[in-house]
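S.K.: Here's a sequence, model it:
(one chain, ligands or ions: 1)
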Amino acid sequence: LASILRVRVPDLVSKMKGLEFENISNDYIMDADTAGLIAEEYGFEVNQDDKLGADLFPSPEPKDKTSLKSRSPVVTIMGHVDHGKTTILDYFRRSSIAKDEKGGITQRIGAFVVKPKSSERSITFLDTPGHAAFLKMRERGANMTDIVVLVVAAEDSVMPQTIEAIKHTKSAGVPMIVAINKCDKPDANPDKVVADLSRNGVDVEDYGGEVPVIRISAKTGMGMKDLEETIITVAELLELKAETQNIPVEGWILESQVKHGLGNCATFLLKKGILKKGMILVAGTTWCKVRVMKDENGKSATQAKPAFPVEISGWKDIPEAGDFAIQAKNEAFAKKVVANRERRKQQLMEADQVEDMNNKRLKQVHDSERVEKIQEYQDEGFSMDEIKQLEPDLFETEKIQTKRVSYIIKADVSGSAEAVRQSIEGLGNDEVTAFVLYAEVGPPTESDIERAKSSGSTILVFNMKVARDIANSASSAGVKIQEFGVIYHLIESVVTTLTETLPVKF
Ligand code: GDP
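M.R.: The predicted structure is shown next:
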């Protein structure tokens with residue numbers, strides 16, 4: 001910027017200090033707005049050419065939290081196959097159907113709401129059992145679960161998918177409730193389950209820990225009330241709140257399908273705002289004008305609030321499960337955003353090809369070096385066995401300790417978060433690779449900085465601005481945040497870092 005403005009760097013720095021910028025150094029990351037502001041200070045006329053084009057972004061968390069409204073918890077049920085996830089969901093779903101409802105057949109829309117008699121609050125259950133769905137959503141940056149209920153069958157105890165579920169829940173930082181199911185069975189041994197869970201790192205209440213353990217039978221209904229109440233209690237401790245007033249609607253797509261007579265339908269779980277008929281939503285590269293909204297009982301709804309799932313028809317294309325959806329002020333803007341995102345998607349695809357090439361190139365370099373070395377030995381008259389003895393590394397590439405360079409990705413939309421992850425994950429060679437800790441939608445937060453610090457990760461921000469206070473606290477935590485608007489540059493920078501990280505060989 002200094003060279004464009006034809007001023008000396010110290011002049012620029014003192015000007016910035018005059019403008020109350022803090023912690024300025026020569027690697028200070030400056031966004032376009034800031035650069036524009038400073039250029040104007042020097043009397044330049046600023047013409048911002050926004051190459052990224054129109055888009056929609058999640059609103060920042062409000063400073064004043066008093067206007068926030070309490071919301072229901074969103075609960076996911078996880079556990080090993082056949083341990084009773086579906087039966088538990090069915091039990092709760094049945095209890096959610098009003099008595100007067102004919103036949104009481106609910107349609108599955110990806111989530112449903114239960115209103116316990118004992119509480120003012122309701123509970124939203126995500127109806128997509130299995131970790132695959134949870135994981136897929138998380139990978140796409142959709143952190144919609146507030147509480148995980150871990151189901152363990154009392155006669156089987158901890159199984160491989162139970163351990164997997166524990167791992168995912170911990171890495172998501174979501175509180176857990178253990179439901180020991182099938183306690184009606186004669187061979188049920190809930191105490192063994194508790195002991196096994198504790199051995200697998202679950203801080204169970206029975207042993208003085210924080211994780212509640214409820215003994216249930218989804219078949220007979222035993223303990224189910226208790227489970228429901230425990231969910232409410234844990235939710236109350238979490239003090240879940242959402243912004244509802246004067247804010248664009250935001251949320252996630254849970255499921256989508258083409259329905260006969262209705263066309264493209266998708267279930268939308270609100271995170272913020274109040275969804276009303278006539279509003280325009282953009283999700284991924286499709287949009288919709290909300291005309292028909294239905295709850296899980298197929299009843300038409302006039303509005304939906306946070307943590308409340310509704311099925312919406314009228315999408316131009318089918319959005320994807322896990323897509324972040326956000327309100328646009330009108331149809332014209334929605335179309336512009338979609339067109340723009342499509343263009344970027346195309347660019348990202350091209351970047352993917354570039355990345356493939358880069359990968360191959362790095363590997364080729366490595367392979368050719370190995371071949372060359374072996375050749376040198378052979379030229380000197382060594383036999384293959386002798387070379388193996390002298391330089392076992394040349395033959396056992398898998399055994400080489402690969403150094404990982406860890407990244408956290410924060411991107412504007414789930415599609416780009418995923419694309420960035422795919423572009424850099426596995427980039428590198430046998431000695432050093434890029435590793436993605438997680439990829440999420442939304443600007444970097446204090447919690448990202450903490451996780452970056454503890455894991456030694458660099459935060460890559462794609463297509464978004466980094467708030468000044470976040471940039472400051474990252475720099476004082478020694479966490480590197482890098483901003484990119486063009487995927488090629490991002491890949492290039494990662495490749496450079498990897499190259500610099502390559503272990504020196506003696
Ligand atoms: P999922 O794979 O985890 O969704 O498990 P399901 O809900 O499909 O349950 C697997 C089997 O266990 C089914 O045959 C259920 O009827 C049975 N089951 C589920 N909960 C209970 C329970 O509390 N007691 C008994 N005896 N059987 C149960």
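
S.K.: Tally up the residues packed near residue 317, please.
M.R.: 14 (other Cβ atoms under 10 Å). (C-beta placed from N, C-alpha, C; glycine too.)

S.K.: show me what contacts the closest residue in space to it that isn't next to it in sequence?
M.R.: Spatial nearest neighbour of residue 317, excluding adjacent residues (Cβ to Cβ, 6 or more residues apart in numbering): residue 286 at 3.9 Å. Counting by Cβ atoms under 8 Å, 6 or more residues apart in numbering, residue 286 touches 264, 315-319, 338.

S.K.: Swap in 10 Å and give it another go.
M.R.: Contacts for residue 286 (Cβ atoms under 10 Å, 6 or more residues apart in numbering) come out as 253, 256, 264, 266, 315-320, 323, 325, 334, 338, 341-342.

S.K.: Out of those residues, which is nearest to residue 438?
M.R.: residue 323 (17.5 Å; Cβ to Cβ).

S.K.: Touching, that closest one and residue 269? I think so.
M.R.: No - the pair residue 323 / residue 269 is not scored as a contact, 11.2 Å apart, by Cβ atoms under 10 Å.

S.K.: Pull up the overlap in contacts between those two.
M.R.: 142, 251-254.

S.K.: immediately after the host helix or strand of residue 363, which helix or strand?
M.R.: Assigned by DSSP states H and E, residue 363 belongs to helix 331-379. Following helix 331-379 in sequence order, the next helix or strand is helix 384-390 (DSSP H and E).

S.K.: mean confidence score for that following helix?
M.R.: Regarding helix 384-390, the rounded mean pLDDT is 81.

S.K.: Now that helix: buried residues?
M.R.: residue 387 (16 or more other Cβ atoms under 10 Å).

S.K.: same deal with stretch 240-254?
M.R.: Quick answer for stretch 240-254 (16+ other Cβ under 10 Å): 240, 242-244, 248-254.

S.K.: same deal with stretch 315-332?
M.R.: Buried, per 16+ other Cβ under 10 Å, within stretch 315-332: 315, 318-328.

S.K.: so how far is it from its chain's centroid?
M.R.: 18 Å (Cα atoms, centre = their mean, to the nearest Å).

S.K.: roughly how far apart are the residue nearest to residue 228 when sequence neighbours are not counted and residue 268?
M.R.: Spatial nearest neighbour of residue 228, excluding adjacent residues (Cβ to Cβ, 6+ apart): residue 116 at 5.0 Å. Distance of residue 116 to residue 268, computed by Cβ to Cβ, to the nearest Å: 24 Å.

S.K.: of the buried residues of stretch 240-254, closest to the ligand?
M.R.: residue 254 (17.9 Å; Cβ to the nearest ligand atom).

S.K.: I'd assumed the closest one was in a strand, is it?
M.R.: Yes - counting by DSSP: H, G, I helix; E, B strand; the rest coil, residue 254 is located in a strand.

S.K.: Give me the pLDDT value at it.
M.R.: 87.

S.K.: ok so, going back, pick the one among the buried residues of stretch 240-254 closest to residue 437.
M.R.: residue 252 (21.2 Å).

S.K.: residues touching the closest one, list them.
M.R.: Contacts of residue 252 by Cβ under 10 Å, 6+ apart are 74, 110, 137, 140-144, 267-271, 283, 309, 319, 321-325, 414, 441.
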